[in-house]
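Novice: quick check, what structure comes out for this input:
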Amino acid sequence: MKKPHTFKLINGKFAAQDVRKILMEMIQSKINFHMREMHGMEERGDGSLTHSAKRIAQLRKTAETLKKVLTKAEAKGANLKISAQVEIEFLG
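Specialist: Modelled structure (predicted):
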């Protein structure tokens, strides 16, 4: 098994408004990806839409929770630290 490759995508301190922009765009990008996948499967008439549908619901729930947290942070004028990394591992 090869060692996974790790990439830092976000690492720093940001105003709450900037955190909202960064993270909500990332979440929306993932939702759009799954919606395109579902559309493609529907047009081709193959595959199960279940995984993408569940993932979209999870991402929307995450977005709502995140909005609540960020609304509180914005009201306090807080700065926030974000650390996000992606790990890629070869399978098989």
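Novice: now E64: which helix or strand?
Specialist: Per DSSP states H and E: E64 is located in helix 50-76.
Novice: from E64, how far off is A78?
Specialist: 20 Å (C-beta to C-beta, to the nearest Å). From N, CA and C alone the C-beta is placed, and that goes for glycine too.
Novice: where in this protein is pLDDT low?
Specialist: With pLDDT under 70 as the threshold, the chain has low-confidence stretches at 1.
Novice: so which residue is smack in the middle of it?
Specialist: For the chain, the residue sitting closest to the mean C-alpha position, by C-alpha atoms, centre = their mean, is I27 at 3.5 Å.
Novice: check whether that one really touches L66, as I assumed.
Specialist: Yes - here I27 reaches L66: they are 7.4 Å apart, a contact under C-beta atoms under 8 Å.
Novice: ok, and what's touching stretch 68-84?
Specialist: Contact with stretch 68-84 is made by 8-17, 19-20, 22-23, as judged by C-beta atoms under 8 Å, 6 or more residues apart in numbering.
Novice: what lines up beside the next helix or strand after the helix holding E64 in the sheet?
Specialist: Per DSSP H and E, helix 50-76 leads on to strand 79-88 as the next helix or strand towards the C-terminus. According to DSSP bridges, strand 79-88 forms sheet pairs with strand 5-15 (antiparallel).
Novice: list of residues touching the strand it pairs with?
Specialist: Contacts to strand 5-15, defined as C-beta under 8 Å, 6+ apart, come from residues 22, 79-89.
Novice: good, we can wrap up now.
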